[in-house]
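K.L.:
Build the 3D model from these lines:
(2 chains)
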Amino acid sequence: MSTLLRITIVEARLFLREPTAAILGVLSPTIILLVLGAVPALREPSKEYDGARFVELWAPSALVLGIGVVALQHIPGVLATYREHGVLRRVSTTPVHPGTLLLAQLVVGLVACLVAGALVVVAAWLVLDVPLPRHPWTFLAAFGVGFGAVLSLGTLIAAVAPSSRVAGGLATLVYMVVMFAGGVFLPRFLMPDALVRMGDYTPPGVQALLTAWSDSPAVLATVGAETGSTRIVQLAIMAGVAIVAGAAAARLFRWE
Amino acid sequence: MAIIAVENLHKRYGHKVAVDDVSFAVEEGEIFGILGPNGAGKTTTVESVTGLRRPDRGSITVLGLDPRRDRAELRQRVGVQLQQSRLQDKITVSEALALYSSYYRHPADWRQLLERLGLADQRHTRYGKLSGGQQQRLSIALALVGSPTVAVLDELTTGLDPQARRDTWDLIEQVRASGVTIVLVTHFMDEAERLCDRLALIDAGRVAALDTPAGLIARAGREQRVRFTPSTPLDDALLSGLDEVTSVRRGGGQVIVTGTGDLLHALTSVLARNRIVAHDLRIEQASLDDAFVALTGRSYH
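P.N.:
Down below sits the predicted model:
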């Protein structure tokens, strides 16, 4: 078994022992979606949203919530703490590079997000009759680059923040922007148009997630349909943010 | 050949000179102490020796390797326990040992290490729930889990209670007995005196003295004083004729002998030859503290 795999397994166990991370990051998006779905007005087609259903419109925002908690709350906190407590320093005295520990942490974050996302999609499908993603590959790609972009930002914050407190503060700030632009706090169809369009290009890119998920005319009429080329631009921007922020994080990372 | 050779090591952080000029050599199988007050440059020295820092000047060889260039190989053969390096709070003792042992080519049996370090009952305990002494022992176990040739242990007993300190000292002696060369960094005089075969006394980034603990104390130039009650009347001339003895006095019904070198051995030999038993024998000796003052002209603390 490779060292990375061994470390990842141990880090995954540690993640599961952290009740806040496991519950907030992995389960809360699904729980919140189901709670909203329990309200009849939000579950049924509404004239206000051109006959679309609130839960269907908001479901991608639940994904944004999961990504945000894992990539901007959990990961930067863990990385900054590992540095502050000398966990990385300890590893650097062994034949293993401390970067392996960071990589393992990112893998754990990715898996946690995938599980959180799968739970949201399946719960929405089984309980709320939201159809499974209509363009599954595009959906996966949008989810992948979106997660990558937010995670890179979180890692970059952990890389340069002088302490875990500062990392926590900065990450929370970015988290708020991501949540707001992702329509977690305020449904996007209630936002001014300019803000909505800004949200299209703010990681993790909630619009690309929505249009890859649903092709119901009512949904698309509410949030605006997308041409193939806009979607490519959105995905390319997410991928670009992921690569640039990720490379900067790798380059600037303070090991102690 | 020396296992570790450090020559003219120099390291500064910005304008602050952490290590000015440090040279020493560590021989195979010894416990070599690096002793000095806080901020003397001890940690920077061992961080350079273990390849964690790049020195500004000077040369370092460890097991014939360059700590920076050959760091991969060095890490296989040198176990390091650094101060201020914790583990993940929720990792259990056995998880940590099993994981760290997988990092090495020829790991020690970590289950055996658990027993040896008295952590067998804590194997399922999380790091964050261990006592300070247990955390320290786990930290030593992790430094030994790769079956190293050399172990570098930094501030081993800081924050431990007296019993835990003594237990840790016994442990270090066991480790040395198993053939591991040990570099022990400490700011505790008693620890250095008790454990080390040789010591580099570091002050303000320089080696103030390099000797055995006894040698350093002897350099302090203070005489030893032995007091005892002889079992039968004793002729002072019997003692004052010895080379090691500088004076013999009497006080409070006791004989008080001052002298230098191996005074106690000389005294007990001559008493034994004359079938005299020394009751209530007390030795008052110069300590490393006195040596530090004598060698640097400053008080240690």
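K.L.:
all helices of chain A, in order?
P.N.:
For chain A, helices defined by DSSP state H occupy the ranges A:3-16, A:19-20, A:28-37, A:40-43, A:54-68, A:75-84, A:87-92, A:98-128, A:136-160, A:164-181, A:193-200, A:206-213, A:217-223, A:228-252.
K.L.:
Quick check: which of those is nearest to B:I202?
P.N.:
helix A:87-92 (21.6 Å; Cβ to Cβ). Yep, even glycine has a C-beta here, placed from its N, CA and C like the rest.
K.L.:
okay, now B:A98: neighbour count?
P.N.:
Using other Cβ atoms under 10 Å in any protein chain shown, the number of residues around B:A98 comes to 17.
K.L.:
Now that it has come up, it's in contact with B:A108, right?
P.N.:
No. In this structure, B:A98 is not within contact of B:A108 by Cβ atoms under 8 Å, at 11.9 Å.
K.L.:
who's in contact with residue 183?
P.N.:
No chain specified, so I'll use chain A. A:G183 makes contact with A:W58, A:P60, A:S61, A:V64, A:M191, A:G199, A:V206, according to Cβ atoms under 8 Å, 6 or more residues apart in numbering or on different chains.
K.L.:
nope, chain B please
P.N.:
B:V183 is in contact with B:I4, B:V26, B:F32, B:I34, B:V46, B:V49, B:V150, B:A151, B:V152, B:L153, counting by Cβ under 8 Å, 6+ apart.
K.L.:
So it, which state does it fall into?
P.N.:
Recorded secondary structure, B:V183: strand (DSSP: H, G, I helix; E, B strand; the rest coil).
K.L.:
confidence score at it?
P.N.:
B:V183 is assigned 95 on the pLDDT scale.
K.L.:
That one and chain A: what is the separation?
P.N.:
In this view, B:V183 and chain A are 13 Å apart by Cβ to the nearest Cβ, to the nearest Å.
K.L.:
start to end distance for stretch B:231-251?
P.N.:
This stretch, stretch B:231-251, spans 16 Å end to end (Cα to Cα, to the nearest Å).
K.L.:
dump the residue contacts of the closest residue to chain B within the stretch 151-256 of chain A.
P.N.:
When scored by Cβ to the nearest Cβ, the stretch 151-256 of chain A has A:E256 as its residue closest to chain B, at 9.0 Å. Neighbouring residues of A:E256 by Cβ under 8 Å, 6+ apart: A:R83, A:G86, A:L88, A:R89.
K.L.:
and it, how far is that from A:Q234?
P.N.:
Going from A:E256 to A:Q234 by Cβ to Cβ, to the nearest Å gives 38 Å.
K.L.:
With B:G36 instead?
P.N.:
Distance of B:G36 to A:Q234, given as Cβ to Cβ: 60 Å.
K.L.:
Equivalent analysis for A:I67, please.
P.N.:
Separation of A:I67 from A:Q234 (Cβ to Cβ) stands at 15 Å.
K.L.:
Compare the two (neighbour count), which wins?
P.N.:
It is A:I67, of A:I67 and A:Q234, that has more neighbours when counted by other Cβ under 10 Å, with 32 against 22.
K.L.:
Contacts only, for that one.
P.N.:
A:I67 neighbours (Cβ under 8 Å, 6+ apart): A:C113, A:A116, A:G117, A:G146, A:F147, A:V150, A:L151, A:V178, A:P204.
K.L.:
What is the neighbour count of the nearest residue to the last one once chain neighbours are set aside?
P.N.:
Going back to what we said before, that points to A:P204. Sequence neighbours aside, A:G146 is the residue nearest to A:P204 in space, at 2.7 Å (criterion: Cβ to Cβ, 6 or more residues apart in numbering or on different chains). A:G146 has 32 neighbours, counted by other Cβ under 10 Å.
K.L.:
Would you agree A:G146 is in contact with A:Q207?
P.N.:
No. Contact status for A:G146 versus A:Q207: not in contact, 10.3 Å apart, counting by Cβ under 8 Å.
K.L.:
quick revisit: highest neighbour count among the contacts of A:G183?
P.N.:
The residue in the contacts of A:G183 with the most neighbours, by other Cβ under 10 Å, is A:P60 (34 neighbours).
K.L.:
can you list the residues of chain A near chain B?
P.N.:
Within reach of chain B by Cβ under 8 Å from any Cβ of the partner chain, chain A has these residues: A:1, A:3, A:6-7, A:10, A:13-14, A:17-18, A:82, A:85-87, A:89-90, A:92-96.
K.L.:
SS state for B:G179?
P.N.:
Classified using three-state DSSP, B:G179 is coil.
K.L.:
ok, it - contacts?
P.N.:
B:G29.
K.L.:
what's the pLDDT at it?
P.N.:
In this model, B:G179 is scored at 91, pLDDT.
K.L.:
Any figure for the gap between it and B:I3?
P.N.:
B:G179 sits 12 Å away from B:I3, going by Cβ to Cβ.
K.L.:
ditto for A:A62
P.N.:
Separation of A:A62 from B:I3 (Cβ to Cβ) stands at 60 Å.
K.L.:
Which one's more surrounded, the two?
P.N.:
Counting neighbours by other Cβ under 10 Å for A:A62 and for B:I3 shows that A:A62 has the greater number, 28 against 20.
K.L.:
Quick check: closest non-adjacent residue to that one.
P.N.:
Nearest-residue entry for A:A62: A:P29, 4.0 Å, with adjacent residues in sequence omitted and distances by Cβ to Cβ, 6+ apart.
K.L.:
Ok, A:T8 next?
P.N.:
Spatially, and ignoring its direct neighbours in sequence, A:T8 is nearest to A:A104 (4.1 Å; Cβ to Cβ, 6+ apart).
K.L.:
check contacts around that neighbour.
P.N.:
A:L4, A:I7, A:T8, A:V10, A:E11.
K.L.:
Name the pair among those with the greatest separation in space.
P.N.:
Within these, A:L4 and A:V10 form the most distant pair, 11.1 Å apart (Cβ to Cβ).
K.L.:
Looking at these two, which one has more neighbours?
P.N.:
Counted by other Cβ under 10 Å, A:L4 and A:V10 do not tie: A:V10 has more neighbours, with 20 against 15.
K.L.:
Would you agree the more buried one is in contact with B:S94?
P.N.:
No. Taking Cβ under 8 Å as the definition, A:V10 is not a contact partner of B:S94, at 11.1 Å.
K.L.:
what's the neighbour count on whichever residue of the stretch 1-150 of chain B sits closest to chain A?
P.N.:
Nearest residue of the stretch 1-150 of chain B to chain A: B:S85, at 3.2 Å (Cβ to the nearest Cβ). For B:S85, the neighbour count with other Cβ under 10 Å is 20.
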